[in-house]
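Asker: pasting a predicted model and its sequence here:
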Amino acid sequence: MKKYLLLIITFVFISCNNEVKTENLKSDFSSFFKNGDIMTSATQDPLGNVFSYPTGEASVTSQVKVWEPGFKSPWHYHPYTGVAYVVQGELTVNYDTETSLDAKGDEKTIILSETYKAGDKAFLGVANTWHLSENKGSEDLIFIVSWLGEKDKPIAVLSE
């Protein structure tokens, strides 16, 4: 009987302890996220290109990315635009606006750099432009992107 009583007391203690952790977690998120729009009526990406829907069967692919400090992507482009939002850290995107999409290989030149920070408004990811993205900050970068593409088509094309 003593073993059962000890087991019940342990269970109650663990349950109470988990409940406190859950309450703290809810509190942390509610103080981080605020009500409001993160994007409204966006029609152009950061380079001024007008947003357009794909011509094939529409498909949405959503991703969460977590990049450690110092992470750098390879050169690539996206055939479609995406809606991106930085949750933590800073995302730096380096664009090569002059090299043809047919030019595979790493002979690219950074022509323009943009940095997007946590808490900024969401932005449209640039389609059909070579770029490499990186985390130049000192903390993990966390961002969310939803690609507005075509069913069964790749959302990124690598330079090699």
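Answerer: Ah, there it is.
Asker: every contact and neighbour count from this point should use C-alpha atoms.
Answerer: Will do.
Asker: let's verify residue 142: helix, strand, or coil?
Answerer: Taking DSSP: H, G, I helix; E, B strand; the rest coil as the rule, one finds residue 142 in the strand state.
Asker: typo on my end, residue 41
Answerer: Residue 41 ends up coil, using three-state DSSP.
Asker: with the one 5 residues further on instead?
Answerer: Secondary structure state of residue 46, per three-state DSSP, is coil.
Asker: mind listing what's buried along stretch 142-151?
Answerer: Residues of stretch 142-151 classed as buried: 142-150 (neighbour count, 16 or more other Cα atoms under 10 Å).
Asker: actually, stretch 40-59.
Answerer: By 16+ other Cα under 10 Å, the buried positions in stretch 40-59 come out as 44-45, 51.
Asker: closest one of those to residue 136?
Answerer: Within these, proximity to residue 136 (Cα to Cα) peaks at residue 45, which comes in at 22.0 Å.
Asker: can you redo the buried residues of stretch 40-59 as TSV with distance to residue 134?
Answerer: TSV is the format used below for those (distance: Cα to Cα, whole Å):
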residue	distance to residue 134
44	22
45	19
51	24
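Asker: show the contacting residues for the closest residue to residue 134 other than its chain neighbours.
Answerer: By the measure of Cα to Cα, 6 or more residues apart in numbering, the closest residue to residue 134 outside its immediate chain neighbours is residue 72, 4.2 Å from it. For residue 72, the set of contacting residues under the criterion of Cα atoms under 8 Å, 6 or more residues apart in numbering consists of 132-135.
Asker: per-residue confidence for residue 86?
Answerer: Here the pLDDT value assigned to residue 86 is 96.
Asker: so it makes contact with residue 124?
Answerer: No: taking contact to mean Cα atoms under 8 Å, the distance of 11.9 Å between residue 86 and residue 124 leaves them out of contact.
Asker: need the contact list for residue 98.
Answerer: Residues in contact with residue 98, defined by Cα under 8 Å, 6+ apart, are residue 111.
Asker: count of neighbours near the closest residue to residue 47 other than its chain neighbours?
Answerer: Counting by Cα to Cα, 6+ apart, the nearest residue to residue 47 once its immediate chain neighbours are dropped is residue 126, at 7.2 Å. With neighbours defined by other Cα atoms under 10 Å, the count for residue 126 comes to 25.
Asker: in this structure residue 126 contacts residue 83, no?
Answerer: No: between residue 126 and residue 83 there is no contact, the gap being 9.5 Å when judged by Cα under 8 Å.
Asker: can you give me the strands for this structure?
Answerer: All strands of the chain, identified by DSSP state E, fall at 58-67, 76-77, 82-88, 90-96, 112-117, 123-125, 130-134, 141-150, 157-158.
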